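Colleague: coordinates for the following, if possible.
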Amino acid sequence: MNVDNLTLFQGFADVVRRHPDSLALRVAGHQLTYAELLDHVERLATRLVELHGQPPRTVGLCASRSLAAYVGYLATLRLAATVVPLGVDVPAERIRRTCAHAGVDALLADDAGRRVADEAAGTIKVLYLPDTPEHHWYDVPTQRWTEPYVGDPEDVAYILFTSGSTGTPKGVPVRHRNLIPYMAHCIETYQVQPGASLSQTFELTFDPSVFDMFVTWLSGALLVVAAPNDLLAPIRYVNDNQITHWFSVPSVISLAGRLRSLRPGSMPSLRWSLFAGEQLTLTQARAWADATPGSTLANLYGPTELTVTCTRYQLPADPARWPRTSNDTVPIGRVHPHLEGVLLAPDGTAGNEGELCIRGSQRFDGYLDPAQNHGRFVDHTDGRTTQVDRLPGPQNWYRTGDRVRQEDGELVHLGRIDDQVKIHGYRIEPGEIESVLRRHPSLHEVVVLAVPARAGGVELHALYTCDSLAETALAGLVAEHLPPYMAPTQYHHVEFFPVNANGKVDRRRLAADVGLV
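Modeller: Presented below is the predicted three-dimensional model:
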């Protein structure tokens with residue numbers, strides 16, 4: 001792929017020209033060739049312009065695993081606009097704030113997203129695209145948008161919002177120039193070409209979905225969107241669709257294992273199996289490898305700010321040569337060759353263990369709110385560390401907040417240097433949940449802890465002090481303001497919070513007091 005002066009839509013349009021009759025998308029009972037997908041995209045682009053009165057600058061996408069979701073994503077890019085994926089089960093207040101922060105000036109909603117779009121839209125006009133037998137929006141005669149494409153690699157392709165410790169989500173704008181070199185690297189590395197079939201297991205609010213869509217659509221392959229229930233039975237989904245490239249969070253392996261839906265040799269079509277979003281344990285990797293004997297397994301790592309993934313480790317074909325790591329997880333490997341990485345110790349010197357910092361073409365230019373850049377970028381020169389807030393600039397490294405160690409020449413993820421956790425791949429700041437809970441007038445103190453779950457992975461527990469307060473009131477408050485993946489599993493009323501010698505809440509002792517450790 002020629003990565004010079006290219007945008008996602010230009011790359012897609014070029015593939016349409018070269019492979020018009022190849023299958024591009026299979027989702028919810030629909031199947032489209034590249035030519036048919038482009039036709040849907042340009043007709044929907046016309047309807048967006050009619051809705052807004054002119055081409056919108058930023059489009060909120062309130063849609064999930066539907067034809068409207070994927071056509072809407074591409075239609076937004078066709079108009080050289082920015083996509084803002086919005087969760088369909090997120091409280092309307094959060095959607096409203098997200099739209100305001102991102103400058104959304106048009107909303108697209110499918111059946112799943114209609115309720116939240118209705119509640120959150122305010123003065124923003126909404127184009128509803130219900131996919132029901134009596135109203136197939138894609139069958140409605142609409143002229144194609146034929147105006148010349150005016151996008152530029154400097155344009156923001158999408159904005160995703162991650163959890164913020166102060167209670168305000170962080171808007172992460174990613175430009176086309178951040179994406180194109182990454183996509184070219186992935187297409188070459190994973191040997192994606194026409195005839196390949198790629199899974200799509202992620203919601204559009206989670207940036208690995210961008211990998212799925214555009215590694216597929218910039219190579220002429222087929223994207224097969226998994227329904228939520230397909231992740232409970234991956235064997236059927238993979239075999240029915242002859243999936244060649246799988247990508248998901250590792251917890252899918254544990255879930256399928258608990259449901260006894262993984263059998264040795266059961267997914268012979270897979271050539272590549274990729275995992276990211278959480279630590280991949282060696283135990284999980286062995287279970288998946290047994291089920292996919294013809295597949296090469298790779299563990300990927302990367303925060304949203306560094307464009308999906310920035311490191312990679314490929315497990316050897318012979319399990320006898322698999323690595324042994326200090327925490328029994330698969331290494332995250334090495335930084336992509338077109339990026340640079342350094343491990344910074346607390347004193348600012350580079351070494352074999354420390355906070356992973358990355359710079360290069362995939363690094364975003366800073367948060368929507370510049371105040372949130374503080375402390376996230378560093379200028380590392382000759383072993384000295386200087387905090388910098390001026391962006392953009394090639395001298396600035398992004399501080400990932402992840403503690404990493406080199407073991408036998410490969411990077412191993414050890415955890416966070418702060419309180420941030422990942423659950424099902426979503427980055428969560430416990431401080432954001434605490435800030436919502438503190439809104440209850442009867443609550444005195446609150447701490448949200450992430451603790452190992454009995455079934456594997458991590459779950460959230462909220463511990464609080466109060467005079468009189470029902471747990472249901474706190475659960476209702478969280479449901480009103482936060483997405484479901486940020487909801488604590490349990491709430492624990494305690495009489496007081498123990499403190500350490502420095503007067504800070506002793507979280508370890510607190511967890512022990514309620515039997516969480």
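
Colleague: make it CA atoms for all contacts and neighbour counts henceforth
Modeller: Fine.

Colleague: mind listing what the most centrally placed residue in the chain touches?
Modeller: By C-alpha atoms, centre = their mean, the chain has its centre lying nearest to Phe206, at 2.4 Å. Contact analysis of Phe206 by C-alpha atoms under 8 Å, 6 or more residues apart in numbering lists Leu160, Gly425, Tyr426.

Colleague: I'd say the last one and Gly277 touch.
Modeller: Yes - counting by C-alpha atoms under 8 Å, a contact exists between Tyr426 and Gly277, whose distance comes to 7.2 Å.

Colleague: these two: which has the busier surroundings?
Modeller: Gly277 (25 against 18; other C-alpha atoms under 10 Å).

Colleague: and the more buried one, how close does it get to Leu23?
Modeller: Remark: distance between Gly277 and Leu23 (C-alpha to C-alpha, to the nearest Å) = 28 Å.

Colleague: how about Gly302?
Modeller: Counting by C-alpha to C-alpha, the gap from Gly302 to Leu23 is 30 Å.

Colleague: got it, and Ile95?
Modeller: Separation of Ile95 from Leu23 (C-alpha to C-alpha): 34 Å.

Colleague: mark which of the contacts of Phe206 are part of strands, please.
Modeller: Judged by DSSP state E, the subset of those located in strands is Leu160, Tyr426.

Colleague: what residues of stretch 132-147 count as buried?
Modeller: For stretch 132-147, a neighbour-count test (16 or more other C-alpha atoms under 10 Å) marks Trp137, Tyr138, Arg144, Trp145 as buried.

Colleague: and what about the last one, helix, strand or coil?
Modeller: Of the three states, Trp145 takes coil under DSSP: H, G, I helix; E, B strand; the rest coil.

Colleague: these two touch, right, it and Asp39?
Modeller: No - applying C-alpha under 8 Å as the test, Trp145 and Asp39 come out as separate, 9.2 Å apart.

Colleague: which strand or helix spans Leu356?
Modeller: Using DSSP states H and E, Leu356 falls within strand 353-360.

Colleague: who does that strand touch, helix- and strand-wise?
Modeller: Contacts defined by 3 or more C-alpha pairs under 8 Å, 6 or more residues apart in numbering; DSSP states H and E place strand 353-360 against strand 339-344, strand 396-407.

Colleague: send me the helix or strand following that strand as PDB with only the CA atoms.
Modeller: Counting by DSSP H and E, the element after strand 353-360 in chain order, helix or strand, is strand 377-381. C-alpha atoms of strand 377-381 as PDB (Å, rounded to 0.1, in the frame of the first residue of the first chain):
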ATOM      1  CA  PHE A 377       4.100  13.600  27.300                       C
ATOM      2  CA  VAL A 378       7.800  13.600  28.000                       C
ATOM      3  CA  ASP A 379      10.900  14.800  26.200                       C
ATOM      4  CA  HIS A 380      13.600  12.200  26.900                       C
ATOM      5  CA  THR A 381      17.100  13.300  25.900                       C
END
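
Colleague: could you give the angle of strand 377-381 to strand 353-360?
Modeller: Calculated by axes from the mean of the first three to the mean of the last three C-alpha atoms, to 10 degrees, strand 377-381 forms an angle of 100 degrees with strand 353-360.

Colleague: after the strand or helix carrying Phe214, which helix or strand is next?
Modeller: Assigned by DSSP H and E, Phe214 belongs to helix 208-217. On the C-terminal side of helix 208-217, the closest following helix or strand by DSSP H and E is strand 222-225.

Colleague: and the contacts of that next one?
Modeller: Here strand 222-225 makes contact (C-alpha under 8 Å, 6+ apart) with 22-28, 65, 194-201, 212-213, 216-217, 241, 243.

Colleague: kindly recompute the last result at 10 Å.
Modeller: 22-28, 31-34, 65-67, 70, 192-203, 212-217, 237-238, 241-245 (C-alpha atoms under 10 Å, 6 or more residues apart in numbering).

Colleague: buried residues, whichever helix or strand comes after that strand. List them.
Modeller: Per DSSP H and E, the first helix or strand lying C-terminal to strand 222-225 is helix 234-241. Across helix 234-241, burial judged by 16+ other C-alpha under 10 Å covers Pro234, Ile235, Tyr237, Val238, Asn241.

Colleague: what about stretch 302-317, start to end distance?
Modeller: Note: stretch 302-317 ends 24 Å apart using C-alpha to C-alpha.

Colleague: same deal with stretch 224-233?
Modeller: This stretch, stretch 224-233, spans 15 Å end to end (C-alpha to C-alpha).

Colleague: returning to what we had before: whichever of the contacts of strand 222-225 end up buried, select them in ChimeraX.
Modeller: In ChimeraX, a selection of the buried entries from the contacts of strand 222-225 looks like this (16+ other C-alpha under 10 Å):
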select :22,23,24,25,26,27,31,32,33,34,65,66,67,70,192,193,194,196,197,198,199,200,201,202,203,212,213,214,215,216,217,237,238,241,242,243,244,245
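
Colleague: so where is the stretch 251-400 of the chain shaky, pLDDT-wise?
Modeller: Across the stretch 251-400 of the chain, the ranges flagged by pLDDT under 70 are 381-395.

Colleague: what segments of it are strands?
Modeller: Along the stretch 251-400 of the chain, counting by DSSP state E, counting those that start in this stretch, strands occupy 272-275, 296-301, 311-314, 334-335, 339-344, 353-360, 377-381, 384-387, 396-407.

Colleague: could I get these as CSV with distance to Val104 and mean neighbour count?
Modeller: Shown next, in CSV, are the strands of the stretch 251-400 of the chain (distance: least, C-alpha to C-alpha, whole Å; neighbours: other C-alpha atoms under 10 Å):
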stretch, distance to Val104, mean neighbour count
strand 272-275, 32, 22
strand 296-301, 30, 24
strand 311-314, 32, 20
strand 334-335, 34, 20
strand 339-344, 32, 19
strand 353-360, 29, 23
strand 377-381, 27, 19
strand 384-387, 32, 14
strand 396-407, 27, 21
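
Colleague: who wins for proximity to Arg175 among these?
Modeller: Closest to Arg175 of these is strand 353-360 (C-alpha to C-alpha; 13.2 Å).

Colleague: now the closest one and strand 339-344, what's the angle there?
Modeller: Going by the same axes, to 10 degrees, strand 353-360 makes 150 degrees with strand 339-344.

Colleague: care to break the chain down by domain?
Modeller: 334-416, 429-513 (automatic domain parsing).

Colleague: Ala109: which of those domains is closest?
Modeller: The closest of those to Ala109 is domain 429-513. By C-alpha to C-alpha, the value is 17.6 Å.

Colleague: low-confidence ranges in the chain?
Modeller: 1-4, 164-167, 381-395, 455-456, 499-504.

Colleague: on that earlier part again, out of the buried residues of helix 234-241, which comes closest to Gly415?
Modeller: Proximity of the buried residues of helix 234-241 to Gly415 (C-alpha to C-alpha) peaks at Pro234, which lies at 28.3 Å.

Colleague: pretty sure that closest one sits against Phe247.
Modeller: No - if you go by C-alpha atoms under 10 Å, Pro234 and Phe247 don't touch, sitting 11.4 Å apart.

Colleague: and the host helix or strand of Asp39, what does it pack onto?
Modeller: Asp39 belongs to helix 34-52 when elements are defined using DSSP H and E. Applying 3 or more C-alpha pairs under 10 Å, 6 or more residues apart in numbering; DSSP states H and E, we find helix 34-52 packed against helix 8-18, strand 23-27, strand 30-33, helix 67-78, strand 106-109, strand 126-128.

Colleague: the helix or strand following that helix - contacts with which helices or strands?
Modeller: Reading on from helix 34-52 to the C-terminus, the next helix or strand found by DSSP H and E is strand 58-62. Applying 3+ C-alpha pairs under 10 Å, 6+ apart, we find strand 58-62 packed against helix 67-78, strand 82-85, helix 92-102, strand 106-109, helix 114-120, strand 126-128, strand 156-162.

Colleague: from Leu61, how far off is Thr205?
Modeller: The gap separating Thr205 from Leu61 is 9 Å, by C-alpha to C-alpha.

Colleague: right, I'll leave it there.
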